[in-house]
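**Student:** Sequence and predicted structure below; questions after.
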Amino acid sequence: MAAKKKLMQGNEACAAGALYAGCKFYAGYPITPSTEVAEIMSVELPKIGGKFIQMEDEIASMAATIGGSLAGLKSLTATSGPGFSLKQEALGYACITEVPCVIINVMRGGPSTGYPTGPSQSDIMQAKWGTHGDHPVIALTPAYVQEILDETVRAFNLSEKYRTPVIVLFDEIVGHMREPITIPEPGDLEVVDREKPDCTPEEYKPYDDTKLIAPLAPFGDGYRFHVTGLNHSEDGFPTNNSEMIDKNNRRIMQKIDDNIDDICKNDESNLEDAEIGLFAVGSTSRSAKFSVNAAREKGIKAGLLRPLTIWPFPDKAVSELAEKCKVIIVPELNLGQMVNEVKRVAAGRCEVIGIHRVDGEPIKPAQITELIEKYS
Amino acid sequence: MAVAKQKLSVPFDYDKYLRKDKLPHIWCPGCGHGIVLKSLLRAIDNKELSKDDLCMVSGIGCSSRTPGYVDFNTLHTIHGRAFSFATGLKLAKPSLKMIIATGDGDAMAIGGNHFIHTCRRNIDMLIIVYSNAIYGMTGGQSSPTTPIGSIATTARYGNVEPPFDICEMAKAAGATFVARGTAYHTQELERTFTEALGHKGTAVVEVIDSCPIYFGRMNKQRGASEMMENIEKNGTFSVKQADKLPDEKKEGKLVRGILHRVERPEYCEQYDKLIVAKATK
Ligand SMILES: Cc1ncc(C[n+]2csc(CCOP(=O)(O)OP(=O)(O)O)c2C)c(N)n1
């Protein structure tokens, strides 16, 4: 059968990916440039027995999304900068209570209301550190419309598998761009559902610490358990026992750390013999790819490392890059966020240089090419 | 239907609804929160509700610790947001019977926006506001229901802010069942909860409660029983007495009983009836 091709906008592909993954619940609050995701979900979810609700703000949206997931439905919310800030407290709640859910952040210029219709990549660090306390974070960074669909599916899969919120970050350019994509048929992409308990309700421990990730029972199915954002023990109830607090705080980090290879995903081009490395995500990585191709035509050994998972940070891939390159160039639509992570991993083994832009315009290939040529 | 007189339900086996291994509770001696919970459990029993369907959600505060002690599906969330978590749960799984446990600070300050929008949607849930006119958990700061002139740790010279009337607020925002009870009038509170649990839509019950440790000590109402008596003698009058009492006897007091009850389409039902019906046509 011929694959179904369709011209789609990034935000539209995001909604399509969510539906493909089995999302049945959406709670959100409108904000440019993410609003199309909400609008599409409001139309599509009721058709398949799902639920959509427009809440009174992003705090409520994040909370309702967690509620929807605890009732057993795969749940989604989408937002942008200011809304992402408001979601942070409840996002931390999802981390410690280990409730799967997916948060889309179509990044716009900031700080504050900033530049609603301008692209940005300035929430990279907020995705990692926005909510207080040590906590696990998975964040994905698609750069093409097709990838937005595929990565939204992967976001749900990781979220269900690791019982943790997953953030998908893409900039306004990719969110609003239209590209022809292939719509996957059922079965083409893997779809993961959370593990449910097979023990009796009496035996059920929602945070069973003999497991890295305990199965999650939906509310209302006979497993009457307790969920709290306080430090809790295996049975879900608050505890002051420092040993248990320590164990649980470490376990929720460990479930990510122990599975880095499963969670991290990179797209590499021309890296085998690269001397000049580029590290970029989203729309910026498209410019970088263009510049790498142009450099290769001139015989300059440039290559691109394009992470599709930005958190956990791709330490291994960046370390390999630092080994072989004399310089790593990090173009990003902010004043220096990923570049410091690259410097941390490179640890002086090569030069690391950022290209930063915060005027609401994309980083164009010419700007990157100039630097590549300078180092060639 | 009027509030039907029910026979006294003592002795009552509270244990069948409590997580006994999680006791003793954290509430201070003399706190009214436990009394409110007991009235609620009797009401739940009156309605023969299933523990598997019951879902209690709370925010943060002393009152919000209630869900930890009851053997239902229980969710202790973040400050002020219980309504929003509960909205997600209820919409996703309408078979859940939702009860929110919240404090006057949790519901009226940080959660005020969510409170009014929940009432506006008329989503099916019972909201119990444990109203002790103070922030108990954080040690006695003023709340949006602290009376003018009262002392709190953040209002040492007397509170200058006028308090909210929780019931008026609920009614104005669209709640379809609004009642006020007290931790003193326990049988009446049980009946009120029983009625509220039978109501379809957002039901708000404000329970006048007392915090002897913080509010009491700072406001020279030393004993817990003294504070309870105060609720009885000087604090409230019933809806039935309302017509008979002269205005001067009502001044400064709150009216108890079911204050407002109307029928209006419930959110989850409307969602199915209108939205799903149109979308799948
Ligand atoms: C976001 C946030 N802000 C502040 C607090 C601190 N805090 C905990 S409980 C509370 C007040 C609770 O008062 P109330 O809702 O009246 O309940 P009570 O303890 O009196 O039952 C506050 C301010 C918090 N936990 N979270």
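**Tutor:** Done, it's in.
**Student:** same for whatever helix or strand residue A:24 lives in, what does it pack against?
**Tutor:** Assigned by DSSP states H and E, residue A:24 belongs to strand A:23-28. For strand A:23-28, the packing partners by 3 or more Cβ pairs under 8 Å, 6 or more residues apart in numbering or on different chains; DSSP states H and E come out as helix A:35-44, strand A:51-54, helix A:58-70, strand A:74-79, helix B:82-92. For every residue, glycine as well, the C-beta is placed using N, CA and C.
**Student:** Would you reformat the ones you listed as JSON lines and include distance to residue B:164, mean neighbour count and mean pLDDT?
**Tutor:** Formatted as JSON lines, the helices and strands packed on strand A:23-28 follow (distance: least, Cβ to Cβ, whole Å; neighbours: other Cβ atoms under 10 Å in any protein chain shown; pLDDT from 0 to 100):
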{"stretch": "helix A:35-44", "distance to residue B:164": "32", "mean neighbour count": "20", "mean pLDDT": "98"}
{"stretch": "strand A:51-54", "distance to residue B:164": "26", "mean neighbour count": "22", "mean pLDDT": "98"}
{"stretch": "helix A:58-70", "distance to residue B:164": "20", "mean neighbour count": "31", "mean pLDDT": "98"}
{"stretch": "strand A:74-79", "distance to residue B:164": "30", "mean neighbour count": "30", "mean pLDDT": "98"}
{"stretch": "helix B:82-92", "distance to residue B:164": "16", "mean neighbour count": "30", "mean pLDDT": "98"}
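**Student:** Ok, which of those comes nearest residue A:248?
**Tutor:** Closest to residue A:248 of these is helix A:58-70 (Cβ to Cβ; 18.2 Å).
**Student:** Only alpha carbons, please: show the closest one as PDB.
**Tutor:** Extracted as PDB, the C-alpha positions of helix A:58-70 are listed here (Å, rounded to 0.1, in the frame of the first residue of the first chain):
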ATOM      1  CA  GLU A  58      -1.500  26.700  32.600                       C
ATOM      2  CA  ILE A  59      -1.200  25.700  36.200                       C
ATOM      3  CA  ALA A  60      -4.700  24.200  36.000                       C
ATOM      4  CA  SER A  61      -3.900  22.600  32.600                       C
ATOM      5  CA  MET A  62      -0.800  20.800  33.900                       C
ATOM      6  CA  ALA A  63      -2.700  19.700  37.000                       C
ATOM      7  CA  ALA A  64      -5.700  18.400  35.000                       C
ATOM      8  CA  THR A  65      -3.300  16.600  32.600                       C
ATOM      9  CA  ILE A  66      -1.800  14.700  35.500                       C
ATOM     10  CA  GLY A  67      -5.300  14.000  36.700                       C
ATOM     11  CA  GLY A  68      -6.300  12.600  33.300                       C
ATOM     12  CA  SER A  69      -3.300  10.400  33.300                       C
ATOM     13  CA  LEU A  70      -4.000   9.100  36.800                       C
END
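**Student:** now that helix and strand A:23-28, what's the angle there?
**Tutor:** Helix A:58-70 and strand A:23-28 are oriented at 160 degrees to each other (axes from the mean of the first three to the mean of the last three Cα atoms, to 10 degrees).
**Student:** Quickly check: helix A:58-70 near the ligand or not.
**Tutor:** No: with Cβ under 6 Å from any ligand atom as the criterion, the ligand is not reached by helix A:58-70; the gap is at least 9.9 Å.
**Student:** With chain B in mind, check whether that helix reaches it.
**Tutor:** Yes: shown here: helix A:58-70 in contact with chain B (Cβ under 8 Å from any Cβ of the partner chain) through A:59-61, A:63-70.
**Student:** Which of those residues sits closest to residue A:366?
**Tutor:** For the residues of helix A:58-70 next to chain B, the nearest to residue A:366 is residue A:61 (39.8 Å; Cβ to Cβ).
**Student:** hang on, the earlier thing: indicate which one of the helices and strands packed on strand A:23-28 is closest to residue A:296.
**Tutor:** Using Cβ to Cβ, the helices and strands packed on strand A:23-28 put helix A:35-44 closest to residue A:296, at 36.2 Å.
**Student:** Once you drop chain neighbours, what's closest to residue 268?
**Tutor:** This is for chain A. residue A:305 (5.8 Å; Cβ to Cβ, 6 or more residues apart in numbering or on different chains).
**Student:** switch to chain B, that's the one I care about
**Tutor:** Using Cβ to Cβ, 6+ apart and skipping residues adjacent in sequence, the residue nearest residue B:268 is residue B:94, 4.5 Å away.
**Student:** Ok, residue A:167 next?
**Tutor:** Of all residues not flanking residue A:167 in the chain, residue A:139 sits nearest, at 4.2 Å (Cβ to Cβ, 6+ apart).
**Student:** distance of that neighbour from the ligand?
**Tutor:** Note on residue A:139: its distance to the ligand, by Cβ to the nearest ligand atom, to the nearest Å, is 24 Å.
**Student:** And stretch A:129-145, end to end?
**Tutor:** 27 Å (Cα to Cα, to the nearest Å).
**Student:** Equivalent analysis for stretch A:65-79, please.
**Tutor:** 13 Å.
**Student:** What is the neighbour count of residue 125?
**Tutor:** Answering for chain A, as no chain was given. For residue A:125, the count of nearby residues is 15 (other Cβ atoms under 10 Å in any protein chain shown).
**Student:** not what I meant, chain B
**Tutor:** By other Cβ under 10 Å, 26 other residues sit near residue B:125.
**Student:** again with residue A:129
**Tutor:** So residue A:129, with other Cβ under 10 Å, has 13 neighbours.
**Student:** how much space between it and the ligand?
**Tutor:** 18 Å.
**Student:** got the residues of chain B near the ligand?
**Tutor:** So chain B meets the ligand at B:60-63, B:79, B:103-106, B:130, B:132, B:134-138, B:143 (Cβ under 6 Å from any ligand atom).
**Student:** Among the residues you listed, name the ones in strands.
**Tutor:** Those of the residues of chain B next to the ligand mapping onto strands are B:103, B:130, per DSSP state E.
**Student:** List only buried entries from the residues of chain B next to the ligand.
**Tutor:** Among these, those classed as buried by neighbour count (16 or more other Cβ atoms under 10 Å in any protein chain shown) are B:60-63, B:79, B:103-106, B:130, B:132, B:134-137, B:143.
**Student:** These in helices, which ones?
**Tutor:** Among those, the members falling in helices are B:104-105 (criterion: DSSP state H).
**Student:** Where does the prediction get shaky in the chain?
**Tutor:** No chain in the question, so chain A it is. Confidence mapping of chain A against pLDDT under 70 gives the ranges A:1-2.
**Student:** um, chain B though
**Tutor:** If you take pLDDT under 70 as the line, chain B has these spans: B:1-10.
**Student:** and the most centrally placed residue in it, backbone torsions?
**Tutor:** With distances taken as Cα atoms, centre = their mean, residue B:128 lies nearest the centre of chain B, 1.9 Å away. The phi/psi pair for residue B:128 (degrees, to the nearest 10) reads phi -110, psi 120.
**Student:** any idea how far it is from residue B:69?
**Tutor:** Using Cβ to Cβ, to the nearest Å, one gets 14 Å for the distance from residue B:128 to residue B:69.
**Student:** list the contacts for the residue in chain A that chain B sits nearest to?
**Tutor:** For chain A and chain B, the shortest gap (Cβ to the nearest Cβ) falls at residue A:67, measuring 2.5 Å. Neighbour list for residue A:67: B:57, B:75, B:84-92 [criterion: Cβ atoms under 8 Å, 6 or more residues apart in numbering or on different chains].
**Student:** Residue A:280 too?
**Tutor:** The contact partners of residue A:280, by Cβ under 8 Å, 6+ apart, come to A:287-288, A:304, A:306, A:330-332.
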